[in-house]
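Asker: one predicted model, sequence on top.
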Amino acid sequence: MAGKAKAVSSGSALTKKVRTLAEKLGLEVHEQFRVGHRLWGAGRRIDVILKGGPNSKTLGIECKFQKKSGTVEEKIPTTIRDIEAWPIDGIVVFSGEGFTENMKAFLISTGKAIELKDLEPWLRLYFGLPLE
């Protein structure tokens, strides 16, 4: 449940945390799934794709880690727009001290982003899994 996630130190560590949580919930996991092209033409890879639950739903996840203020925060609005072009539902999972409170508020307000610490209950609701 919320608050149980341990701190992560990199984007790859965040992806691993998402994968570990998804496997704990019994979901099928795929990493770096190639699908189409981004808004600017580059090839698109979705960091993590999850599938499962009673309705066999599918969800794409972009993992964004920000240790200190910098460029990842500036790229988030483009990531949110890019998710709209995916052929599946998608969200951004974010973590790290470098996200400003304003950016956190923006991300959450989109309905397309969740902090790592709040991911487990969100996934349980999305995939129709038992609530704890």
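Answerer: Now that the structure is in, tell me what you want to look at.

Asker: what sits against the residue nearest to Phe127 when sequence neighbours are not counted?
Answerer: Distances taken as C-beta to C-beta, 6 or more residues apart in numbering put Gly53 closest to Phe127, at 3.2 Å, once the chain neighbours are dropped. Heads up, the C-betas are built off the backbone N, CA and C, glycines and all. Contact analysis of Gly53 by C-beta atoms under 8 Å, 6 or more residues apart in numbering lists Leu27, Tyr126, Phe127, Gly128, Leu129.

Asker: give me the buried entries from those residues.
Answerer: By neighbour count, with 16 or more other C-beta atoms under 10 Å, the contacts of Gly53 hold Leu27, Tyr126, Phe127, Leu129 as buried.

Asker: what would those residues look like in a markdown table with pLDDT, distance to Lys67 and secondary structure?
Answerer: Output for those, formatted as a markdown table (pLDDT from 0 to 100; distance: C-beta to C-beta, whole Å; DSSP: H, G, I helix; E, B strand; the rest coil):
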| residue | pLDDT | distance to Lys67 | secondary structure |
| --- | --- | --- | --- |
| Leu27 | 97 | 28 | coil |
| Tyr126 | 96 | 28 | helix |
| Phe127 | 97 | 30 | helix |
| Leu129 | 95 | 31 | coil |
